[in-house]
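Asks: A structural model of the following input is requested.
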Amino acid sequence: MQRLLLGLAFLLPLKAGTEDIIRGHEARPHSYHYMALAHFVEEENEGRCGSVLLRKDFVLMAAHSWGSSINVTLGAHNIQEQERTQQVMPVREAVHHLHHNPNNLFNDIMLLKVRESPYSGEREAKLTAAVGPFSPPRGKTQVRPGQVCSVAGLGKVSMGILATTLQEVKLTVWKDEVCDSCLLGYYNGATQICVGEAKKIKTGSEGDSGGPLVCENVLQGISSYG
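Replies: Next comes the predicted model:
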């Protein structure tokens, strides 16, 4: 049984490491208009992970994906092509959750403030049909066990192979007691959601961290580890 752990809404999180969308499928181009791809450098190695546009000048991302020289690409479907819909935004500032714990990756979440792009001259993201923010849920919107949600990303689709186009996968929300029994010491039902499939290896899992968890068209969390 494969499960993916995600951070709830806007204040929460999780452990990290290898996150790829396995046995998903290519998403409809720009159907995730809030999807962003963050490129960063960590110890001289380049990395990338998912993120979510919350406002024209702010992006939400998993804190464990932090590195130097971060750029965020918006409006991308095929990351290997220079699509006219793409916008590249350098990151001006990163704000980690105050209680982020890098050991167990609780509160694995941070905000990135984007700045003027040297490529386009835009001071913040330009909202288009392919680029738009997705706000966190308001009020008491809750995710229910058994509910089917979607996870999207541009991480690995198989061993050593990164996706070139945006992928998505449908996954089922599990009960807290099931998640806790499998993830002892790494699960907190107050701030995390565990999703997966019982009979199929389907998961969002290197490169998909920070990607959105969407349930009934509402952003409910971001991917942290699988």
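Asks: Enumerate the beta-bridge partners assigned to the residue lying closest to residue 144 once chain neighbours are set aside.
Replies: Distances taken as Cβ to Cβ, 6 or more residues apart in numbering place residue 173 nearest to residue 144, at 6.5 Å, with adjacent residues excluded. In short, each C-beta sits where N, CA and C put it, glycine included. Judged by DSSP bridges, the bridge partners of residue 173 are residue 195.
Asks: Residue 173: neighbour count?
Replies: Residue 173 has 20 neighbours, counted by other Cβ atoms under 10 Å.
Asks: How about the one 10 residues further on?
Replies: Residue 183 is flanked by 17 other residues according to other Cβ under 10 Å.
Asks: dump the residue contacts of the spatially most central residue of the chain.
Replies: Nearest to the mean C-alpha position of the chain, counting by Cα atoms, centre = their mean, stands residue 211 at 1.5 Å. In this structure, residue 211 makes contact with 35, 49-52, 151-153, 155, 204, 222-223, judged by Cβ atoms under 8 Å, 6 or more residues apart in numbering.
Asks: give me that answer again for 6 Å
Replies: Contact partners of residue 211, counting by Cβ atoms under 6 Å, 6 or more residues apart in numbering, are 50, 152-153, 223.
Asks: Verify the contact between residue 36 and residue 51 for me.
Replies: Yes - Residue 36 sits in contact with residue 51 when judged by Cβ atoms under 6 Å, with a separation of 4.3 Å.
Asks: what sits in contact with each of these two?
Replies: residue 59.
Asks: can I see the domain layout of this protein?
Replies: Domain assignment for the chain by automatic domain parsing gives 2-28+134-225, 35-114.
Asks: Out of these, which gets nearest to residue 124?
Replies: Distances from residue 124 to each of the domains of the chain were compared using Cβ to Cβ; the minimum, 4.3 Å, belongs to domain 35-114.
Asks: so residue 167 bridges to which residues?
Replies: Taking DSSP bridges as the rule, residue 167 bridges to residue 26, residue 153.
Asks: Would you quantify the distance from it to residue 150?
Replies: Here the distance between residue 167 and residue 150 works out to 10 Å (Cβ to Cβ, to the nearest Å).
Asks: Tell me which of the two has more neighbours.
Replies: Relative neighbour count places residue 167 above the other of residue 167 and residue 150, with 24 against 20, counting by other Cβ under 10 Å.
Asks: Touching, that one and residue 32? I think so.
Replies: No - between residue 167 and residue 32 there is no contact under Cβ under 6 Å: 10.3 Å.
Asks: what separates the residue nearest to the centre of the chain from residue 222, distance-wise?
Replies: With distances defined as Cβ to Cβ, the gap from residue 211 to residue 222 amounts to 7 Å.
Asks: now residue 127
Replies: Distance check for residue 127 against residue 222: by Cβ to Cβ, it reads 21 Å.
Asks: Ok, residue 184 next?
Replies: 23 Å.
Asks: Please identify which of the two sits among more neighbours.
Replies: Neighbour comparison, residue 184 and residue 222: the larger count goes to residue 222, with 29 against 7 (by other Cβ under 10 Å).
Asks: Which strands or helices does the helix or strand hosting the more buried one pack on?
Replies: With elements delineated by DSSP states H and E, residue 222 resides in strand 218-225, which encompasses its position. Packed against strand 218-225, as judged by 3 or more Cβ pairs under 6 Å, 6 or more residues apart in numbering; DSSP states H and E, are the following elements: strand 2-8, strand 212-215.
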